[in-house]
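Asker: When you get a sec, could you give me coordinates for this:
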Amino acid sequence: MAKRERVMRMSVEQPLWRALTAYRVLTMLYAIGLFATAFRKFAHPWVAIGYYAVLFVWTLATLPRVANAASCTKRFLAVDLTIALTGIMLTPVADAHHRVVTGGPTLPSIWTAGSVLAFAIKGGWRWAAFASTLVAVANLVERGAPTRDTIHNVILVWVASIAIGYVVEVARASELTLARALEIEAATRERERLARDIHDGVLQVLAMVQRRASALGGEAAELGRMAGEQEVALRTLVSGGLVPVSRVSEDASLGAVVRAVEEPDDDQDSQGPVDLRALLAPYATARVTFSEPGAPVPLPPAAARELAAAVGAALDNVRGHVGEDARAWILVEDEPDEVIVTVRDDGPGIPEGRLAQAEGEGRLGVALSIRGRLRDLGGAAELISVPGQGTEVELKIPKVSRVSRGKADQR
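Answerer: Reported below is the predicted structural model:
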C-alpha cells in the first residue's frame, strides 16, 4: 500500500504578527482620537494634522508588511521607526509648550511601541534593545529634561520590547527542537513499520533457507551460509536507519517544516468496521485451534489488519522456534472496551533473558512485529512463558484504536 508524505508547518510566531497588525491600527486610531479631543490646545494643529495624515496612510498601506517576517524587511523597519521618531520630535512644534513639559502625549503616542515590537519580533531582543533605545533618546530630547513619567514610559517600552524579543528567540529555538523530535518520532515509526514488513516476509524466508540448507549440507550449506549473512545484514539495516533533518521554511514566521510519512486511507477504511474473526479464521489448521465469540468482533479496518498480523507473527514464532508439529491455540475475547486475543503454544517456553538477547542481535519479531504493532494501536502485548510449559502471548487493543482516532482527527 503506497504511503503519502504529510507536511506540517509549526509556528508560534505567526500569531504575534497578527496581533501586531491589529495593534498598529488600533493605536493609530487612538493617537488620532487623542489629538481630536485636544485639538484646541495645540499651538500649531496643522503640523499635527499633516503628521497624522502621513501616519494614517502609512499604517494602512503597510499592513501587509507586518503580516509575516519575510515581508517585514530591514528597510521597512528603518522607515517605520523613522516615522515614529519624527512624530516624537515634532511634538514640541505642534503642541503647546506647557503640555509638553507636563508630560503630555507625543504625536504618535503608543503607536511608537508597535514599531519597536516589530523590531523585537523580527530580530529578537538585540534588535528590540536598539529600537527602544532610540525611542528613549527621542523622548528625553522631546521633553527637554527627564521627568518621572518620561523615564517610567521609556523603561516600560525598553523592558517590554526586550522581553518579547527574548521570548521570540526562545520560541523559535523550541519550535525547531519540537519539530526535530516530531520528525524523529515519525521516522522511527516508519522504520518500525518497514522492519515489521521485512520481518514478516524477507527475514522469515532467509531464516528458513538457512535452516533447510544447513540441514541438507553440501552446496546447499554454502547457500544457507550466504542467506544467513544476508539475514544479519538486513536485520542491522532495519534496526538502524537515517533520520531526515528538519528544515526551516523560507518565511521564518511559518516556523519549522516537519515531514512525516503516514498510511493513506484506503477503500476498505471507508466501508466501516470489519469482523476480526474473518481475518483470524484462515490461521486455523489441524495444528492451530481457533476459538471465537458467537457474535462479530468489529474493529476499524487498519486496527483489525494489524492485530491479525501480530497474531500471524506470534504463530510464525511458534513454527520457527517450537517446530512445524507444535500445537497452538487462538482465543478471541470481545470485552466492552477492548478486544483480547491470546495465542498459546505447547512448546518448551522461552528461557529468561532470551527476548532481550534476540532484540540485541537484531531479531525483532517480538519487539516490532508483535509489541510494536500493538503499541502503535494504543494497545499492549504481554508474553507469559514458563520453561517447559509453553508460551502465551496476550494481545490487547482498545475498541477505538490510536489509528482510527488519528484518521478521525485528520478529517
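
Asker: Low-confidence bits of the stretch 301-411 of the chain, can you list those?
Answerer: Applying pLDDT under 70 to the stretch 301-411 of the chain flags residues 351-369, 401-411.

Asker: can you pull out the strands in the stretch 151-300 of the chain?
Answerer: Using DSSP state E, counting those that start in this stretch, the strands assigned to the stretch 151-300 of the chain run over residues 247-248, 256-262, 274-275, 288-291, 298-299.

Asker: now the stretch 301-411 of the chain
Answerer: Assigned by DSSP E, counting those that start in this stretch, the strands in the stretch 301-411 of the chain fall at 328-334, 338-345, 380-385, 391-398.

Asker: Turn those strands into JSON lines, including mean neighbour count and distance to residue 313.
Answerer: All C-beta atoms are positioned from the backbone trio N, CA, C, and that covers glycine. Putting the strands of the stretch 301-411 of the chain into JSON lines (neighbours: other C-beta atoms under 10 Å; distance: least, C-beta to C-beta, whole Å) gives the following:
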{"stretch": "strand 328-334", "mean neighbour count": "19", "distance to residue 313": "13"}
{"stretch": "strand 338-345", "mean neighbour count": "21", "distance to residue 313": "9"}
{"stretch": "strand 380-385", "mean neighbour count": "16", "distance to residue 313": "10"}
{"stretch": "strand 391-398", "mean neighbour count": "22", "distance to residue 313": "9"}
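
Asker: Dump the helix or strand where residue 137 lies to PDB, restricted to CA.
Answerer: Assigning secondary structure by DSSP states H and E places residue 137 in helix 125-143. Output of helix 125-143 as PDB, limited to C-alpha atoms (Å, rounded to 0.1, in the frame of the first residue of the first chain):
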ATOM      1  CA  TRP A 125      15.900  41.100  21.900                       C
ATOM      2  CA  ARG A 126      19.000  42.800  20.400                       C
ATOM      3  CA  TRP A 127      17.000  44.500  17.700                       C
ATOM      4  CA  ALA A 128      14.400  45.400  20.300                       C
ATOM      5  CA  ALA A 129      17.100  47.000  22.500                       C
ATOM      6  CA  PHE A 130      18.400  49.100  19.600                       C
ATOM      7  CA  ALA A 131      15.000  50.400  18.600                       C
ATOM      8  CA  SER A 132      13.800  51.100  22.100                       C
ATOM      9  CA  THR A 133      17.000  52.900  22.900                       C
ATOM     10  CA  LEU A 134      16.400  55.300  20.000                       C
ATOM     11  CA  VAL A 135      12.900  55.900  21.100                       C
ATOM     12  CA  ALA A 136      14.100  56.600  24.700                       C
ATOM     13  CA  VAL A 137      16.600  59.100  23.500                       C
ATOM     14  CA  ALA A 138      13.900  60.800  21.300                       C
ATOM     15  CA  ASN A 139      11.500  61.000  24.200                       C
ATOM     16  CA  LEU A 140      14.100  62.600  26.500                       C
ATOM     17  CA  VAL A 141      15.100  65.100  23.900                       C
ATOM     18  CA  GLU A 142      11.400  66.000  23.200                       C
ATOM     19  CA  ARG A 143      10.700  66.600  26.900                       C
END
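
Asker: Who are the packing partners of that helix?
Answerer: Based on contacts counted as 3 or more C-beta pairs under 8 Å, 6 or more residues apart in numbering; DSSP states H and E, the elements that helix 125-143 packs against are helix 74-94, helix 97-101, helix 111-123, helix 148-198.

Asker: now residue 22: how far from residue 115?
Answerer: Computed with C-beta to C-beta, to the nearest Å, the distance linking residue 22 and residue 115 is 15 Å.

Asker: which one of the two has more residues nearby?
Answerer: Set side by side, residue 22 and residue 115 show unequal neighbour counts under other C-beta atoms under 10 Å, the larger going to residue 115 at 27 against 12.

Asker: that older thread, go through the helix holding residue 137 and flag the buried ones.
Answerer: By neighbour count, with 16 or more other C-beta atoms under 10 Å as the criterion, the buried positions of helix 125-143 are 125, 127-129, 131-136, 138-140, 142-143.

Asker: Residue 36: which of those residues is nearest?
Answerer: The closest of the buried residues of helix 125-143 to residue 36 turns out to be residue 142 (C-beta to C-beta; 21.1 Å).
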